[in-house]
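Participant: attaching a predicted model along with its sequence, questions to come.
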Amino acid sequence: MLKPLGDRVVLEAEQEEEKTVGGIVLASNAQEKPTTAKVVAVGEGRVLDNGEKLAPSVKEGDRVLFDKYAGSEVEYAGVKYLVVHEKDIVAIVD
Amino acid sequence: MLKPLGDRVVLEAEQEEEKTVGGIVLASNAQEKPTTAKVVAVGEGRVLDNGEKLAPSVKEGDRVLFDKYAGSEVEYAGVKYLVVHEKDIVAIVD
Amino acid sequence: MLKPLGDRVVLEAEQEEEKTVGGIVLASNAQEKPTTAKVVAVGEGRVLDNGEKLAPSVKEGDRVLFDKYAGSEVEYAGVKYLVVHEKDIVAIVD
Amino acid sequence: MLKPLGDRVVLEAEQEEEKTVGGIVLASNAQEKPTTAKVVAVGEGRVLDNGEKLAPSVKEGDRVLFDKYAGSEVEYAGVKYLVVHEKDIVAIVD
Amino acid sequence: MLKPLGDRVVLEAEQEEEKTVGGIVLASNAQEKPTTAKVVAVGEGRVLDNGEKLAPSVKEGDRVLFDKYAGSEVEYAGVKYLVVHEKDIVAIVD
Amino acid sequence: MLKPLGDRVVLEAEQEEEKTVGGIVLASNAQEKPTTAKVVAVGEGRVLDNGEKLAPSVKEGDRVLFDKYAGSEVEYAGVKYLVVHEKDIVAIVD
Amino acid sequence: MLKPLGDRVVLEAEQEEEKTVGGIVLASNAQEKPTTAKVVAVGEGRVLDNGEKLAPSVKEGDRVLFDKYAGSEVEYAGVKYLVVHEKDIVAIVD
C-alpha cells in the first residue's frame, strides 16, 4: 500500500482522451489545464505553523479535477498512480 | 456538480466582446485586464495560519470582475467554467 | 456599483497632463512615478494572519497619490476606473 | 499637505553635490550609495502581523541618510519631495 | 553512526534498475521521478515557529518513495547513503 | 553622530591589506569573503513579528568579522564608515 | 577567539582527499556534496519569531558533515576556519 506523507494525495489518473471539439478539457486562454482522477489514498494533511495537522478536504473515492502538470507518477503493484499535493486539486466532481 | 477546494471559485465566464472604442474593457496602461463573470460555486475558503477557514467574500450568483489571465478553464456537463482563486477576483459588480 | 474585494481601492484616475518643465511629476532618478486620483470605493481591507480585517487607511473622496504602473483599468457605466491595492497608494493629498 | 501611508516617509531631498576627493559620499566598493535629506512627513507606520501599527523610528525634522535608489519623487505645491519606505532610511544624522 | 540534523532523513538507496516497459518507475509527464529506499536514521524533526520540534512522520526501517533529484549522497563506514529532507519523501510503501 | 536605524550597525572598516601568501583572508572556495572592522554605533535592533525589538548581539567597541560585499559606505565628519545589517556580521573577534 | 553570531558555527575543515574509487565522498547524482569538519565554536542559535533563541543542535568538538559549498573561509591566529549556518550542517558523525 502507498501511504502518502503530509498534504500528499495518491490519485489513480484517468487517461486523457484525444481533444475533440466536444472533449472534456478546453483550455484556450487558461494557464493550467486540469484533468480528472480518483483519490486512492490521502496523507495526514499539511502541518500548520502551530503544529496541528489540517485534515485534508478530499477523501478516498472522491473524483477530482487536478492541475495537469502537477505531481509525480509512480507504479505500485503493477498499477500507475499520480501523487499530488492537496493544493493542486482544483475541485471535487460530484 | 463542481465543488471547488480551498479559496477557489467557479465562474461561468461571459464571452468577451470584440474591443471597440465604446467597449467594456479598455486597458491602455494597465498590467492586468479584468473581465466579468457569474459565480456558480465557492470553496470553503482559505485556511489561515491558525487553522481557521476564512469565509469567502463572494457568493453564488454574484457578478464579478476578475483578472483575465487567472484561472483554469474546465468543461462539466457540457458547460465551460473557469476556476479562479478568490484573490484573482477584483470586484463585485452590483 | 463596483465593490472592490479585500485591500483593493477603486480610483477615478485624473488624466496625466503632458510633462512640461513646470509639470506636476518630475521623476529623473525615481523608480516609480506616482500620480493622483480620487477614491470612489474601498474594499473591506486586507485580512491579517489572525483572520481580522485591517481597516483601509483611505476612504471615499480622498485624493491620493499612487504608483503609476499599479492597478487594473476597468470601465463601468461609461466611466473608466482604476482598481489598485491599498499598498500601491503612496500618500493622501489634503 | 502630503500624508504618507503606512511605513512611508516624505523627505525633502538635499541636492547631491558633485563628487570630489573631499566629497560627502564615497562609495567605491559599496552596493548602495546613501545620501541625506530632511523628514517632512511620516506615515502611521508598518502594520504588524497582529494588526498593531509599529511607530516609525524617524520624526518630522530629522535629518536622515537614505538609500540613493529608493523612493518615488513627487512635486507638491511647487516643491519636490521624495517618498521612501522607512526601511530605506539608513541612519539619523544628529 | 550518522545522526542527521533537523528534518533530515538518512536513506539507504536502492539501486534503480534499467527502465523497461514493465519497470518500476514510469515518468512520462511527471516533473519529479521518485524512487524507493530504506530509512536508516531520522533527525529530531523540523522546528516550528513556536520552537517545538515536529516529530518526523517516517521511522527507521520504513521503505519510502522519495524525489529522485533530492538529497546529498554520502559514504560512511564503506556504505553509501542518501540524506534527504523529510519533505522530499513522497510516501511510505507498506 | 550617526544613529543607525533598525538592525543596522555602523562600522569603522579596517583597510584590507594586499593579499599575500601569509595574509589574513584566504578565500579559495568560499562564496563570501568576510573582513574585520570595529563597531562604532548600533541600532535598536530588528523588530519581531510581535512588535518587540530584538536587542543586537554586538555592541560599540566590538571587533567583528563581516561579509565583505555587505553594506553602504558613508562619510561623516571626515571619517568613512560602513553601515551593515546585523545579519551580515559573521563573528565577534575577541 | 572567534565568537560566531546567531545560528553560525565555526568549523575547522578537514582537507578533502583526492577522490578515489574507495574515497569518502561519492556524489554521482547528488546536488550537494557534503564533507566533514570539527566544530570549534557555536553561536547562540537562531532567533525564533517569538524572540526566543533556539539552542543549536551541534556543540564544540562534534564531527559533522556539511554542505561543501556553504560558508565563508576565515583565518584567525594562523588557522583557517570555515563559518557556516547551522542549517548547512547535514549530520553529526559519531
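Facilitator: Structure's in. What do you need? If you're wondering where the values come from, they're calculated on a predicted model, not measured in any experiment. Numbers count the residues shown, from 1 in each chain, chains lettered A, B, ... in the order given.

Participant: may I see the buried residues of the helix or strand hosting A:Val83?
Facilitator: Under the criterion of DSSP states H and E, A:Val83 resides in strand A:79-85. Buried residues in strand A:79-85, counted by 16 or more other Cβ atoms under 10 Å in any protein chain shown: A:81-85. All C-beta spots, glycine's among them, are computed from the backbone N, C-alpha and C.

Participant: bridged to the spatially closest residue to A:Leu2 that is not a sequence neighbour, which residues?
Facilitator: Distances taken as Cβ to Cβ, 6 or more residues apart in numbering or on different chains place E:Ala91 nearest to A:Leu2, at 4.8 Å, with adjacent residues excluded. Per DSSP bridges, the residues bridged to E:Ala91 are A:Pro4, E:Leu65.

Participant: residues near the residue in chain A positioned nearest to chain D, how many?
Facilitator: Residue nearest to chain D within chain A: A:Asp49 (11.0 Å; Cβ to the nearest Cβ). Neighbours of A:Asp49 under the rule other Cβ atoms under 10 Å in any protein chain shown: 14.

Participant: helix, strand or coil for it?
Facilitator: coil (DSSP: H, G, I helix; E, B strand; the rest coil).

Participant: pull out the buried residues from the lowest-mean-pLDDT helix or strand in chain A.
Facilitator: Least confident helix or strand of chain A, by mean pLDDT, DSSP states H and E, is strand A:72-76 with a mean of 87. Residues of strand A:72-76 classed as buried by neighbour count (16+ other Cβ under 10 Å): A:72-74, A:76.

Participant: isn't A:Asp7 up against A:Asp88?
Facilitator: No: using Cβ atoms under 8 Å, A:Asp7 is not in contact with A:Asp88; the gap is 9.6 Å.

Participant: any low-confidence regions in chain A?
Facilitator: Applying pLDDT under 70 to chain A picks out residues A:15-34.

Participant: what does it put close to chain F?
Facilitator: Contacts of chain A with chain F, taken as Cβ under 8 Å from any Cβ of the partner chain, are absent.

Participant: rewinding a little: the residue nearest to A:Leu2 against A:Lys3, yeah?
Facilitator: Yes: at 5.8 Å, E:Ala91 counts as touching A:Lys3 under the criterion of Cβ under 8 Å.

Participant: which neighbours do those two share?
Facilitator: A:Ala41 (Cβ atoms under 8 Å, 6 or more residues apart in numbering or on different chains).

Participant: for chain F, see how far away A:Lys3 is.
Facilitator: 35 Å (Cβ to the nearest Cβ, to the nearest Å).

Participant: list the contacts for the residue nearest to that residue when sequence neighbours are not counted?
Facilitator: Using Cβ to Cβ, 6+ apart and skipping residues adjacent in sequence, the residue nearest A:Lys3 is E:Ile92, 4.4 Å away. Shown in contact with E:Ile92 (Cβ under 8 Å, 6+ apart): A:2-3, A:5, E:58, E:62-65.

Participant: gap between E:Ile92 and E:Tyr69?
Facilitator: 20 Å (Cβ to Cβ, to the nearest Å).

Participant: same question for A:Glu14.
Facilitator: Where E:Tyr69 is concerned, A:Glu14 sits at a distance of 27 Å (Cβ to Cβ).

Participant: hmm, back to that, selection in ChimeraX covering whichever of the contacts of E:Ile92 are buried, please.
Facilitator: For the buried members of the contacts of E:Ile92, the matching ChimeraX selection, counting by 16+ other Cβ under 10 Å, is:
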select /A:2,3,5 /E:58,62,64,65
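
Participant: what's the closest of the contacts of E:Ile92 to C:Val39?
Facilitator: Closest approach between the contacts of E:Ile92 and C:Val39, by Cβ to Cβ: A:Leu5, at 48.1 Å.

Participant: residues contacting that closest one?
Facilitator: Contacts of A:Leu5 (Cβ under 8 Å, 6+ apart): A:43-44, E:57-58, E:86, E:89-92.

Participant: please repeat the previous calculation with a cut-off of 7 Å.
Facilitator: Counting by Cβ atoms under 7 Å, 6 or more residues apart in numbering or on different chains, A:Leu5 touches A:43, E:57, E:89-92.

Participant: same deal with A:Ala41?
Facilitator: A:2-4, A:10, A:60.

Participant: which residue comes closest to it once chain neighbours are left out?
Facilitator: Closest to A:Ala41 by Cβ to Cβ, 6+ apart is A:Val10, at 3.9 Å.

Participant: what about the one you found, how many neighbours?
Facilitator: 25.

Participant: these two touch, right, it and A:Lys3?
Facilitator: No: contact criterion Cβ atoms under 7 Å: A:Val10 and A:Lys3 do not qualify, at 8.7 Å.

Participant: need the overlap of contacts for these two.
Facilitator: By Cβ under 7 Å, 6+ apart, A:Val10 and A:Lys3 have these common neighbours: A:41, E:91.

Participant: just checking, what packs against the least confident helix or strand of chain A?
Facilitator: Other helices and strands packing on strand A:72-76, by 3 or more Cβ pairs under 7 Å, 6 or more residues apart in numbering or on different chains; DSSP states H and E, are strand A:79-85.

Participant: show residues contacting the strand it packs on.
Facilitator: Contacts of strand A:79-85 (Cβ under 7 Å, 6+ apart): A:2, A:4, A:7-13, A:37, A:40, A:66, A:70-74, E:26, E:90-91.

Participant: the residue nearest to A:Ala41 and chain B, how far apart?
Facilitator: 16 Å.

Participant: longest strand anywhere in chain A?
Facilitator: The longest strand of chain A (DSSP state E) is strand A:34-42.

Participant: need the outlier residue of chain A, farthest from its centre.
Facilitator: A:Asn50 (26.2 Å; Cα atoms, centre = their mean).

Participant: and that one, its phi and psi?
Facilitator: phi -90, psi 10 (degrees, to the nearest 10).

Participant: ok, now which ones touch it?
Facilitator: B:50, E:50.

Participant: endpoint to endpoint, stretch A:37-52 covers what distance?
Facilitator: 28 Å (Cα to Cα, to the nearest Å).

Participant: and for stretch A:54-74?
Facilitator: Length of stretch A:54-74, first residue to last, Cα to Cα: 25 Å.

Participant: tell me which residue of chain A lies closest to chain E.
Facilitator: Closest point on chain A to chain E, by Cβ to the nearest Cβ, is A:Glu73, at 3.9 Å.

Participant: now chain A against chain G: closest residue?
Facilitator: A:Asp49 (8.9 Å).

Participant: first vs last residue of stretch A:52-68, how far apart are they?
Facilitator: Span of stretch A:52-68 from end to end, Cα to Cα: 30 Å.

Participant: ok, now which ones touch the residue of chain A found nearest chain F?
Facilitator: Closest approach of chain A to chain F (Cβ to the nearest Cβ) occurs at A:Asp49, with a separation of 11.0 Å. If you count contacts by Cβ under 7 Å, 6+ apart, A:Asp49 has them with B:49, E:48-49.

Participant: which of those lies closest to chain C?
Facilitator: The closest of the contacts of A:Asp49, once distances to chain C are taken by Cβ to the nearest Cβ, is B:Asp49, at 4.9 Å.

Participant: backbone dihedrals for the closest one, please?
Facilitator: Residue torsions, per degrees, to the nearest 10, at B:Asp49 are phi -60, psi -30.

Participant: ditto for A:Leu48
Facilitator: phi -80, psi 170.

Participant: likewise for A:Glu12?
Facilitator: The phi/psi pair for A:Glu12 (degrees, to the nearest 10) is phi -100, psi 100.

Participant: that one: neighbour count?
Facilitator: 13.

Participant: what residues are up against it?
Facilitator: A:37-38, A:40, A:81.
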